[in-house]
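Asks: Below is the sequence, then the predicted model.
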Amino acid sequence: MHAGGQGFESPRLHQPNAASVSAADTGQSLAIEEGGLAGAVDAFLLSRRVANCSARTLDIYRTNLDRFQRSAGGIDALSVQRYLNGLKERGLKPSSVHQHFRSLRAFFRWWAEVGLSSVDPTRGLDVRVPKTLPRVPDDGEVAALLRHCPDTFEGLRNRVLVSLLADSALRVSEATRLRIEDVHFATRTLSVRGGKGGADGTAFFGTETAHAVRRWLARRINAHPRTT
């Protein structure tokens with residue numbers, strides 16, 4: 001994309017020491033020269049800001065791409081694979097290595113789309129994260145948490161949250177979004193709004209959780225369902 005006849009790439013991309021596109025197109029390993037790749041990273045981050053990426057996402061991109069610039073010896077497919085394997089050998093968790101891979105994939109896809117190269121060195125590369133089940137606290141750990149919830153306003157609130165999370169398997173974000181009208185004591189169910197993938201759903205709770213919720217609502221004298 002161009003505006004006013006000028007490209008949006010950083011001026012450093014056009015310095016004499018920028019990496020040669022023709023060498024990348026032939027798959028040769030390119031030395032990472034500060035002006036070329038650093039300028040491309042700056043332009044990529046600008047494009048992500050324009051696309052309204054969050055500050056957190058931008059920080060991740062910047063950190064991971066800076067590390068790649070310092071550590072990798074080229075920008076061809078083999079260099080990318082060696083770099084990712086080096087992260088693994090240094091003891092990074094698989095999820096962290098995968099995060100680096102996602103940053104590189106996003107950058108190099110953009111790199112190819114804006115015409116810096118016709119080659120995306122991450123194309124065809126797949127980095128998988130081993131699937132593991134989340135750790136669920138056992139009954140003793142839940143009981144210990146409940147013992148640390150005193151009979152105060154905050155304590156009753158915390159007891160309700162702990163009970164709901166343990167009993168219904170809600171996510172923290174789902175539990176904190178619950179409204180009074182979402183709690184159905186007759187069926188001991190919860191109406192979950194905007195759950196995973198934005199979908200609504202239903203969760204269940206038991207007798208002890210129902211008792212905790214009733215005590216909490218009784219303490220909140222002015223609590224009432226929303227009308228809008």
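Replies: Nice, thanks for sending it over. Numbers count the residues shown, from 1 in each chain.
Asks: C-alpha only now, for contacts and for neighbours.
Replies: OK.
Asks: Outline the domain layout of the chain.
Replies: 2-113, 139-219 (automatic domain parsing).
Asks: could I get those as a markdown table with mean neighbour count?
Replies: Shown next, in a markdown table, are the domains of the chain (neighbours: other C-alpha atoms under 10 Å):
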| stretch | mean neighbour count |
| --- | --- |
| domain 2-113 | 16 |
| domain 139-219 | 15 |
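Asks: Could I get these in CSV, plus columns for distance to R128 and mean pLDDT?
Replies: Output for the domains of the chain, formatted as CSV (distance: least, C-alpha to C-alpha, whole Å; pLDDT from 0 to 100):
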stretch, distance to R128, mean pLDDT
domain 2-113, 7, 75
domain 139-219, 21, 86
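Asks: Give the other helices and strands that the helix ranked longest in the chain contacts.
Replies: In the chain, with assignment by DSSP state H, the single longest helix is helix 94-113. Applying 3 or more C-alpha pairs under 8 Å, 6 or more residues apart in numbering; DSSP states H and E, we find helix 94-113 packed against helix 34-50, helix 55-71, helix 77-89.
Asks: The helix or strand following it packs against which elements?
Replies: Tracing the chain past helix 94-113, the next element assigned as helix or strand by DSSP states H and E is helix 139-147. Helix 139-147 sits against helix 153-168, with contacts defined as 3+ C-alpha pairs under 8 Å, 6+ apart.
Asks: Contacts for the helix or strand that the helix it packs on is followed by next, please.
Replies: Downstream of helix 153-168, the next assigned helix or strand under DSSP H and E is helix 172-176. For helix 172-176, contacts defined as C-alpha atoms under 8 Å, 6 or more residues apart in numbering pick out 161, 164-165, 192-195.
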